[in-house]
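Asker: Would you be able to build a 3D model of this:
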Amino acid sequence: MDNTINFLACEHLDFSDSYSAKKEAIITKFGTKVVWHRPVIDSTYPSLVQFCKLRGRLNEPESCLCQSNKKCSDYNDFNHTVKLT
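Answerer: Residues are numbered from 1 along each chain as shown. All right, here's what the predicted structure looks like:
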């Protein structure tokens, strides 16, 4: 079974393996995308997030997954290929 997902999102989203969070697929109205699932103890902290190379952690899972959900003016579409582990 191939656990690789291809999708468009901002080029600055970081899907490297340098985080303690786990990559997880979600289905949005724009297709299947990847978010980070962080183990959190306190429910006041978000468990589904994005990581941006320019701005760090983004606390909303759909941040920058499409032009309409961009969080800054640096958004540029990029074709990500992410392997879920």
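Asker: what does stretch 78-85 contact?
Answerer: By Cβ atoms under 8 Å, 6 or more residues apart in numbering, the residues outside stretch 78-85 that reach it are 3-11, 13, 15, 17, 22-25, 34. (Glycine included, C-beta is placed from N, CA and C.)
Asker: From the residues you listed, list the buried ones, please.
Answerer: Among the contacts of stretch 78-85, those classed as buried by 16 or more other Cβ atoms under 10 Å are 5, 7, 9-10, 13, 15, 23, 34.
Asker: Sort out which of those residues are in strands and list them.
Answerer: Using DSSP state E, the subset of those located in strands is 5, 7, 9-10, 23, 34.
Asker: pLDDT weak spots in the protein?
Answerer: For the chain, the stretches with pLDDT under 70 are 1.
Asker: repeat that for 80
Answerer: Applying pLDDT under 80 to the chain flags residues 1-2, 85.
Asker: ranges for the strands of it?
Answerer: Secondary structure of the chain (DSSP E): strands located at 4-10, 22-28, 31-37, 48-52, 56-58, 77-83.
Asker: out of the ones you listed, nearest to residue 67?
Answerer: Set against residue 67 and scored by Cβ to Cβ, the strands of the chain come closest in strand 77-83, at 7.1 Å.
Asker: that older thread, including distance to residue 68, could the strands of the chain go into CSV?
Answerer: Output for the strands of the chain, formatted as CSV (distance: least, Cβ to Cβ, whole Å):
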stretch, distance to residue 68
strand 4-10, 12
strand 22-28, 11
strand 31-37, 13
strand 48-52, 15
strand 56-58, 15
strand 77-83, 12
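Asker: re the thing from before, for the ones in strands among the buried ones among the contacts of stretch 78-85, which one is nearest residue 56?
Answerer: For those, the closest approach to residue 56 (Cβ to Cβ) belongs to residue 10, at 13.8 Å.
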